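Participant: this is a predicted model, with the sequence first.
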Amino acid sequence: MRVRRATAADAVLIANYNAAMARETEHLDLDRERLLQGVKAVLEDASKGLYWLAEVDGVAAGQLMLTFEWSDWRNGCFWWIQSVYVDPAHRGKGIYKLLHEHVLQQARAEVGVCGLRLYVDEGNTKAQEVYQRQGMRRTGYRIYETDFVLN
């Protein structure tokens, strides 16, 4: 198993994983063309985010995306973990742990990174347990939004 940064050649795979994740966790069927263009936008502009893939024998088994939030309180940047997906055939084999540890190691080595954050659907208790096993803790914050695309 290894982790590598995704490239433009991975766009369709990532979009497929994102669509599967949205369907599985939030029962949403995303507009596939909009999704693919959104993935490509990240892959073309690292200021928007970074995708990481975990591979088993050269085959992508899982992914996550990082986005960035400046914290004036900490004078540093949080890395947000998003778009987490592990192919069902590879679940329970440490794929997310591998991705998380890779990102955590990079974050600790990067000057100016003050921590990792993520959000998870309240009903996704399996994912919450996984994140807690990786040393993450629940905060007191709730997320509010006004979404102009997905109502």
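Facilitator: Structure's in. What do you need? Numbering: from 1, shown residues only.

Participant: S83 against G62, yeah?
Facilitator: No: counting by C-beta atoms under 8 Å, no contact exists between S83 and G62, whose distance comes to 10.6 Å. For every residue, glycine as well, the C-beta is placed using N, CA and C.

Participant: got any residues that touch both of these two?
Facilitator: With contacts taken as C-beta atoms under 8 Å, 6 or more residues apart in numbering, the residues that reach both S83 and G62 are Y17.

Participant: quick one: which of the two has more around it?
Facilitator: The residue with more neighbours, out of S83 and G62, is G62; 25 against 20, by other C-beta atoms under 10 Å.

Participant: any idea what the more buried one is bridged to?
Facilitator: With DSSP bridges as the criterion, G62 is bridged to A54, V86.

Participant: my read: it touches I95, true?
Facilitator: Yes: at 4.0 Å, G62 counts as touching I95 under the criterion of C-beta under 8 Å.

Participant: what sits in contact with each of the two?
Facilitator: Counting by C-beta under 8 Å, 6+ apart, the shared contacts of G62 and I95 are 54, 86-87.

Participant: and the helices in this structure?
Facilitator: 11-26, 32-44, 95-109, 125-133 (DSSP state H).

Participant: let's have those in TSV, adding distance to N75.
Facilitator: Shown next, in TSV, are these (distance: least, C-beta to C-beta, whole Å):
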stretch	distance to N75
helix 11-26	32
helix 32-44	26
helix 95-109	16
helix 125-133	26
